[in-house]
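In: Sequence and predicted structure below; questions after.
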Number of protein chains: 4
Amino acid sequence: MKKIRVTIWNEFKHEKNNPDVAAIYPKGIHGCIGDFLSECDDVEVRLACLDDPDHGIPNEVLDNTDVLIWWGHCYHDAVSDERVEYVRQRVYDGMGFIACHSAHHSKPFKRIVGTTGNLSWGDEFHEILWNLKPSHPIAAGIPDKFELESEELYAEPFYIPNPDDLIFGAWYTSGHIFRAGATFTRGLGKIFYFQPGHETCRSFYDKNVQRVLKNAVHWCAPNEVGYEFSNDCPYIKPIV
Amino acid sequence: MKKIRVTIWNEFKHEKNNPDVAAIYPKGIHGCIGDFLSECDDVEVRLACLDDPDHGIPNEVLDNTDVLIWWGHCYHDAVSDERVEYVRQRVYDGMGFIACHSAHHSKPFKRIVGTTGNLSWGDEFHEILWNLKPSHPIAAGIPDKFELESEELYAEPFYIPNPDDLIFGAWYTSGHIFRAGATFTRGLGKIFYFQPGHETCRSFYDKNVQRVLKNAVHWCAPNEVGYEFSNDCPYIKPIV
Amino acid sequence: MKKIRVTIWNEFKHEKNNPDVAAIYPKGIHGCIGDFLSECDDVEVRLACLDDPDHGIPNEVLDNTDVLIWWGHCYHDAVSDERVEYVRQRVYDGMGFIACHSAHHSKPFKRIVGTTGNLSWGDEFHEILWNLKPSHPIAAGIPDKFELESEELYAEPFYIPNPDDLIFGAWYTSGHIFRAGATFTRGLGKIFYFQPGHETCRSFYDKNVQRVLKNAVHWCAPNEVGYEFSNDCPYIKPIV
Amino acid sequence: MKKIRVTIWNEFKHEKNNPDVAAIYPKGIHGCIGDFLSECDDVEVRLACLDDPDHGIPNEVLDNTDVLIWWGHCYHDAVSDERVEYVRQRVYDGMGFIACHSAHHSKPFKRIVGTTGNLSWGDEFHEILWNLKPSHPIAAGIPDKFELESEELYAEPFYIPNPDDLIFGAWYTSGHIFRAGATFTRGLGKIFYFQPGHETCRSFYDKNVQRVLKNAVHWCAPNEVGYEFSNDCPYIKPIV
C-alpha cells in the first residue's frame, strides 16, 4: 500500500515553557497529532519543529512529504522566509497543507492562500462546531454538530478568500461565529484550514477533531498527475 | 433616471389572521418593505399577494419587474405551479429574486436554485448577524455585526448549494448558527436569500435589515445584456 | 470490499433506430459505459433504459444506487416527472449523478442543479479537452489536454450555475469553447456534468474519457454521513 | 459626484525601446487606457510608470487610489518588494486591482491572490473571447463573443485559484483556450484579471476591451464599509 507521508510541524515552545500545556500535550501537540494519525494504516508520520535544523523541514523532507500539517502561534516571524518560500512552492507543486488553529497567521498559510488571515480573537469559551458540508470527504462520519468544552475564541470577520468549500462553522457562547473549517486549492495543492487546537485546550483529543484531521490528510494528499508538470511558463506551438 | 421596478410578493395571511402580526405590520409585511424601499429615488414599488388574481403576478407584471421580493411561509403549496414556472423563467431571463425568511422553502426559491431548502428551525431567540463579506455591494454600509432582539431560529445544516458569496452568518443564543445571507446566480438572474423577517418579529423595521434589502435590490437588478438572448438551444455554424 | 453501485441509464433509441449508431455501440451506449466501468474492482454495474418498466429505475433500484449515470438526448420529455422527482430526491439524499453529453437538457439535471441547461450546438468538429483543475480527483491521471477526433459542438454561453469546480474546458475547430466538465453539489449529492458522448462519435472508447468517468464515479459516490439525516425541516430546541 | 480615482501603472519600456510598439501606443499603453477611461464622467485618471520615483506609486498616491490598473511584462523583478507589499496591503484594505495581460506574472498579482500565475504562452493568433457570465457587471453590454484580430497566446493550464466568477473564456486558432477574465476578492479588495493587451497588438483600441475595463473599474471600486476596519487581529470581549 502506498502510504501518505505526513509531516507535522509544530513551534513546540508552549509545551516547553508552560507546564499547563506540557501536562496536556506531554509529547507536544505534534506528537499528539502524530499519535492519532498513526492509527491510519495508510499514513506515515514524521515530526518537525521550529528549533530543529532548517526548522525540521529541509528540502529533502519537504520533497518527500505528501501533506504538511502546521501548528504555529507566537513565533510565526521566527520561521525563515527561505523555508516558507520552499513550502509555498511545494504546495503549488501538489503537497497538501493543513493549517491548524493559529496557523491562520502563519507565513506559509498567508502566502500560499493570499490573505492577511486577520480575525478577531478572545478568551476561551464553549464552542459548538456545525457541519455545513456533510457531503465533503473531510466531513465524512462527522455528526451534524460537535462540541468542544473550551476553545480560544476566533471570530468573524475572518479575512480569508472565498473558500472552495466551507465545511465547518463555529458558535461560541460569547456571541461570535467563525468559519472554522475551509478548503482552498492553489496550483496543484489542496489546503485545509481548521480552527480547533489552542495549546491550553484538549481539542486534539476530541474524537471528531481527530476524524476531521484524518479525513483532511486523505483529502489533501496529492492526486496522480497525468502530465509532466513544470512550475514555469513554457513556450508552446500551435497544435492544430 | 431609469427606475428599478420592484414587485414585493407576500402571502398576506398572518397579517389578516393574527392580530399580533397585524399590530406589527398593519400594512402587511409587503407594505412595510415597500415603504422603506420607496425611500430610494431609483426604486419603483408594486405590491402583490397570494389572494390577488394570478397571485398578483400575471405575466404582464413579471415582464415589467426587475426584482421580485418573495415572502411566503405557510401557503407555499397554494402558489400555482404555472406561476412558479413563469417566475423561474423570468429569473433565468434576468429578473432578480430576493427570498426573505421562510421563502427558503418557497416553490420559486427551491426550483430556481435547485435545492430542498431544508433547515432546522425553532422558537424565537436573540440573533446576531455577522458581516462575512464586507466588500460585497449587498454589505455596503453594514457594520461588522448587528443584532435583532428576537428572530425565529433558522439553523444549520441548511441544505443550499454552495453560494456564490456568503455574506451574512447568524448567531443565536440557542447554540445555533446559520448562513443567513447568501447570493446565487442562475441564467441571467441574480438571487439573494436573507433570513430575517419572521412575521411576529420587528426585523423589517431594523435599519440594517432595511439597508441590506435596499442594497440587494440594486445588486439583483439586471445588467444590460449586450446580445440577443434567447432562452433556447440555438443551432450555430462555425465562425472560423 | 464495499462496492460502488452504479446504475447507467440510457434512452437506448438511437442504437435501435440508426444503424450507424448501432455499429458504434452495439450493446448500447450504456452497455459500453458499463463495460469499461466494470474494469474497476470496486464498481458494480446495473443497466436501465427508457423503455424498461419504470424506465428501469423503480424506487428499489434507485434506493440501491450509489451513482446514477444519465445519457439522454431526444426523449427527455418521455421521462415521467414522477421518476424524475424521485431521482432528484435521491440525489439530495446523497446519490451521485453524472450527466453525460445531452443530459445537460435532461429533466433530472435541470431540476437537480437548478438551470435551463441551455447552450448553443452545431455539427461535429474536432475537439480538444483541456485539463483546468489537475488537482481534482476527477482529473487524476488525465493529461494537460486530450483530443477527440470528432464531437458534436456544444458551445458557450452555457447557462449553468457557477460550478463548484470547473475541471475541463473544450476547444473546437469551429471557433467555440465550452465548459465541458464541471462539478456541483446539492444536498448530500455530488453531480458531475461531462460533455463528450454524442451517439455518432466514438468518445466512450477514448481512454481519457473512460478514465474521467471512472474517476467521476468514485468522486460522486456518497460519503459516510455521521448523523441521522432527515430530508425535512425538523423543529429543534436550544442546546445551551 | 464622487469620482473613482484610478491609477494606471505601466512598465513603459516597450514603447520606448520598440518603434512598432510606439507606433501603436504613442502615449504608452497607460496613456491609451487613461484616454478611454477618461470618457467616464465619474472616473479620474492618474498615470504611473516603473521609472518614476517610487515607481510612481508612493504611499500618498496609493492612499488616494480607488482602483490600480497594472500592466507589466518584462520587468516584474524591477519592481521593489517594498512597493509591492504596500500595494498588497492597500488591496487587502479595499483598493481595487486590475491585472492586465502579462500582469498574471507580476509580483502584486501573484502575492495578492496567492498563485504562481503560471500559464503556457506562444506567438500571436486570432482570438475569440466568449462571454461566460453575462449577468456580471463586468460583462454588462458585452456581446456573447467578440474577436481580436491578433493576441499573444496565453493558454491553459493557467494556475490560478478558483475565481469567484469566471467571466470570459478565450479561443485561439492555435488549438488553445484560456480563462481570460476572472474575478477574485481578498480582504476588502476586488481583483480582476483580463488577458488581452499584448504590446504589439491593438487590443486596447477594441471597443469591447474598453467597455470591459470601464465596467471593471466600476466593479472594483471599493464599497462603503460600515465599521471601523483595522488591518489587524483585535482582542475582543464577549458580547452576550
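Out: Structure's in. What do you need?

In: roughly how far out does the helix with the most length in chain A sit from the chain middle?
Out: If you go by DSSP state H, chain A has its longest helix at helix A:207-220. Its chain's C-alpha centre and that of helix A:207-220 lie 10 Å apart, by Cα atoms, centre = their mean, to the nearest Å.

In: Mind giving me the packing neighbours of that helix?
Out: strand A:4-10, helix A:28-37, strand A:67-71, strand A:96-100, strand A:189-194 (3 or more Cβ pairs under 8 Å, 6 or more residues apart in numbering or on different chains; DSSP states H and E). Quick note: C-beta positions are derived from backbone N, CA and C, even for glycine.

In: Same list (these) but as CSV, adding distance to residue A:233 and mean pLDDT.
Out: Converted to CSV, the helices and strands packed on helix A:207-220 look like this (distance: least, Cβ to Cβ, whole Å; pLDDT from 0 to 100):
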stretch, distance to residue A:233, mean pLDDT
strand A:4-10, 29, 98
helix A:28-37, 37, 98
strand A:67-71, 26, 98
strand A:96-100, 23, 98
strand A:189-194, 18, 98
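
In: quick one on the thing from earlier: quick one, the longest helix of chain A and strand A:4-10 angle?
Out: 120 degrees (axes from the mean of the first three to the mean of the last three Cα atoms, to 10 degrees).

In: in helix A:207-220, what counts as buried?
Out: A:208-220 (16 or more other Cβ atoms under 10 Å in any protein chain shown).

In: List the buried residues of stretch A:110-126.
Out: Under the neighbour-count criterion of 16+ other Cβ under 10 Å, stretch A:110-126 has A:110-122, A:124-125 buried.

In: Run through chain A and note the low-pLDDT ranges.
Out: Regions of chain A meeting the criterion pLDDT under 70 are absent.

In: now the strands for it?
Out: For chain A, the strands defined by DSSP state E occupy A:4-10, A:43-49, A:67-71, A:96-100, A:120-131, A:145-155, A:165-172, A:177-186, A:189-194.

In: Which of these sits closest to chain D?
Out: Chain D lies closest to strand A:120-131 among the strands of chain A, at 4.6 Å (Cβ to the nearest Cβ).

In: Please tell me how far that closest one is from the chain's geometric centre.
Out: Distance, stretch centre to chain centre, for strand A:120-131: 18 Å (Cα atoms, centre = their mean).

In: Next one: that strand, is it in contact with chain C?
Out: Yes - counting by Cβ under 8 Å from any Cβ of the partner chain, contacts between strand A:120-131 and chain C involve A:126, A:128, A:131.

In: how about JSON lines for those, with distance to chain B added?
Out: JSON lines is the format used below for the residues of strand A:120-131 next to chain C (distance: Cβ to the nearest Cβ, whole Å):
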{"residue": "A:126", "distance to chain B": "9"}
{"residue": "A:128", "distance to chain B": "6"}
{"residue": "A:131", "distance to chain B": "6"}
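
In: Quick check: of those, which lies closest to residue A:67?
Out: The shortest approach to residue A:67 among the residues of strand A:120-131 next to chain C belongs to residue A:131, at 21.9 Å (Cβ to Cβ).

In: Please report the distance of that closest one from residue A:149.
Out: 19 Å (Cβ to Cβ, to the nearest Å).

In: quick one, the longest helix of chain A and helix A:28-37 angle?
Out: 80 degrees.

In: what sits up against helix A:207-220?
Out: Contacts to helix A:207-220, defined as Cβ atoms under 8 Å, 6 or more residues apart in numbering or on different chains, come from residues A:4, A:6, A:33, A:36-37, A:39-40, A:42-43, A:66-67, A:69, A:96-98, A:129, A:136-143, A:146, A:148, A:168, A:181, A:183, A:189-192, A:194, A:196-197, A:203-204.

In: picking that back up, and residue A:237, which of the helices and strands packed on helix A:207-220 is closest to it?
Out: Closest to residue A:237 of the helices and strands packed on helix A:207-220 is strand A:189-194 (Cβ to Cβ; 28.9 Å).

In: how about the closest one, does it get close to chain D?
Out: No - judged by Cβ under 8 Å from any Cβ, strand A:189-194 makes no contact with chain D; its nearest approach is 9.5 Å.

In: Please identify the pairing partners of that strand and their relative orientation?
Out: strand A:96-100 (parallel), strand A:177-186 (antiparallel) (DSSP bridges).

In: tell me the most buried of those strands?
Out: Mean neighbour count, computed with mean count of other Cβ atoms under 10 Å in any protein chain shown, is highest for strand A:96-100 among the strands paired with strand A:189-194, reaching a mean of 27.

In: Please save the CA atoms from that one in CSV.
Out: Provided in CSV are the C-alpha atoms of strand A:96-100 (Å, rounded to 0.1, in the frame of the first residue of the first chain):
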residue,chain,number,x,y,z
GLY,A,96,-1.2,19.2,0.7
PHE,A,97,-1.2,21.8,3.6
ILE,A,98,-3.3,21.7,6.7
ALA,A,99,-3.2,24.9,8.8
CYS,A,100,-4.3,24.3,12.4
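
In: before we move on, back to that, for PyMOL, write the select line for the buried members of the contacts of helix A:207-220.
Out: Typed into PyMOL, the line below selects the buried ones among these, using 16+ other Cβ under 10 Å:
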select buried, chain A and resi 4+6+33+36+37+43+66+67+69+96+97+98+129+136+137+138+139+140+141+142+143+146+148+168+181+183+189+190+191+192+194+196+197+203+204
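
In: from memory residue A:145 sits against residue A:129, does it?
Out: Yes - using Cβ atoms under 8 Å, residue A:145 is in contact with residue A:129, at 6.4 Å.

In: and residue A:133, how many neighbours does it have?
Out: Neighbourhood size, residue A:133 [other Cβ atoms under 10 Å in any protein chain shown]: 23.

In: Give me the nearest residue to it, chain neighbours excluded.
Out: Leaving out its chain neighbours, the residue that sits closest to residue A:133 by Cβ to Cβ, 6 or more residues apart in numbering or on different chains is residue A:167, at 4.6 Å.
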